[in-house]
Structures are given as C-alpha cells and as structure tokens.
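Undergrad: Sequence and predicted structure, then a few things I'm wondering about:
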Amino acid sequence: MRLTGFHTSLRGAIAAVAAAVMVAAVAGCDPPNPPRVAVAGEQTATGDDAVEQDQLQLTDIHGRRQQPFDDPQTTAVVLVFVLQDCPIANSYIPELNRLHADYEPRGIQLLLVQVDAQASIEDLRKHAQEYRVEFPVVWDERHAWVQTTGATITPEASVLSPGGELLYRGRIDDRHVAFGKRPEATTHDLRDALDAILAGRPIAQPRTQAVGCFILNVAPEK
C-alpha cells in the first residue's frame, strides 16, 4: 500500500499523525495511514523542524549511526518496536535474530527499536546483551518513529521501502493470538510480507493486529 507523500514539514506531519492516533483510539479503530518518512536526499528542514528530523536519525545504543535508507543495497527496512520489560516482545527476539540472519543478505535491514522513554542507554545495552540481540538496537526516546509509523504495540513491526513508504505494519506472526495463549505460529506475517517485497508481489495482508504491550509513555519535550 503506497502512502501519500506530504510536502509540508516533518514536524507538521508527525503532529497530524499523533492527533489522528488519538482520534482513532477514542473511536476504537486503527489510525489512518501515516505519512511517508523523510529520507536522505530530501530537503532539510530548518529551525524547530530540524530538531524533529534529527530525532528520526537512527543511532544505535553503541553510538553508531545506522543509515539503512542511504544504502543502495537496501530492499526494505524493518523497524520492530519493543519495550525491554514486555515479555511478549522479549519472547520474539530469537525469531527476530533468525529473520535478521535470513533476510539481511537479501537487502532487508532489521532494527530493534526500544521505545521506553524512562530507560537509560546502560539499561538497553544490558537488555541487548542479556537477550543476545544480533542486529542493531536503536532508542526512540522521543517516540518520533513511533508517531511517524503509527506503532501502538510492542512487539510491532513496520516495514518501509528505501523511499520511506510504509509497506507493512503489524505482528511478527500469529503465535500470540491473545494474552495468555501461545500456540505454535500458523501464519508468519512478517516473513510473508518480506518474501512478497523480494518477489515484487503485493503484500497480501499489509496491516495485521499485533498482540503485546501498549506504547504509552511518550517522552516529554525537552
């Protein structure tokens, strides 16, 4: 599903998405499609908007800048939103490591996006080591990526094209169909989406419902 691009500033786009998410939550429905993510090569904002764009930089927990949208070998970028104390999110890390191993050689770049605004870098480094995360971990402290992609649950995956279009958002698979139920997965939604992208096919289910922990604590302005 192609997202409509905006020619307004990224700050305005993020504010519009945040408002839409609040309206959707009250109405009990999913928020509308978020705007396309600003990527390298596009016009740089100035003033306050430059601060918002800076928040959309992907710097990992070891201080290394991750630039998947600038890599000409990138086929798609997968952001998986997690909370370090969400047991469902933690249970998926072995599968995420497998996804990274299977798809990174094919141009799919996977990043784990920690969204706990109250955490510290030391906390997140310890978590990554404890759970043996084998791919980059970034910290969305200000929830810029949460708001831009429309993520509401951990774990929830957002798959973006190299141009910043949101191609898929939702669950990794259907193993957690509801709280307290953990059968074997019968559908592998994220894998299916990535296979479709690699094959040049439309994604059969571009939106699915994730089950896990709600993303609630948006970091205040500094």
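TA: Nice, I can see it. Computed from a predicted structure; not experimentally measured. Numbering: from 1, shown residues only.
Undergrad: drop to CA atoms for contacts and neighbour counts, all remaining ones
TA: Will do.
Undergrad: Next, the buried residues of stretch 58-72.
TA: 58-61, 66, 68-69 (16 or more other Cα atoms under 10 Å).
Undergrad: Please write out the alpha-carbon positions of that stretch in CSV.
TA: Taking Å, rounded to 0.1, in the frame of the first residue of the first chain, the C-alpha atoms of stretch 58-72 are listed here in CSV:
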residue,chain,number,x,y,z
LEU,A,58,18.8,6.0,13.7
THR,A,59,21.7,5.9,16.2
ASP,A,60,22.3,2.6,17.9
ILE,A,61,22.9,2.0,21.6
HIS,A,62,26.6,2.0,21.0
GLY,A,63,26.6,5.4,19.3
ARG,A,64,26.9,4.2,15.7
ARG,A,65,24.8,5.9,13.1
GLN,A,66,22.6,3.5,11.2
GLN,A,67,21.7,4.7,7.7
PRO,A,68,19.6,2.0,6.1
PHE,A,69,17.8,4.4,3.8
ASP,A,70,21.1,5.6,2.4
ASP,A,71,22.3,2.2,1.4
PRO,A,72,21.8,1.5,-2.3
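Undergrad: Need the mean per-residue confidence for it.
TA: If you average the pLDDT over stretch 58-72, you get 95.
Undergrad: Check stretch 80-98 too.
TA: pLDDT averaged over stretch 80-98 gives 96.
Undergrad: Repeat that for stretch 212-222.
TA: pLDDT averaged over stretch 212-222 gives 69.
Undergrad: by contact count, what packs against the helix or strand where residue 167 lies?
TA: Using DSSP states H and E, residue 167 sits within strand 166-170. Contacts defined by 3 or more Cα pairs under 8 Å, 6 or more residues apart in numbering; DSSP states H and E place strand 166-170 against strand 156-160.
Undergrad: give me the low-pLDDT residue ranges for the protein?
TA: Across the chain, residues meeting the criterion (pLDDT under 70) sit at 1-54, 177-183, 217-222.
Undergrad: Please repeat the previous calculation with a cut-off of 90.
TA: 1-57, 175-186, 216-222 (pLDDT under 90).
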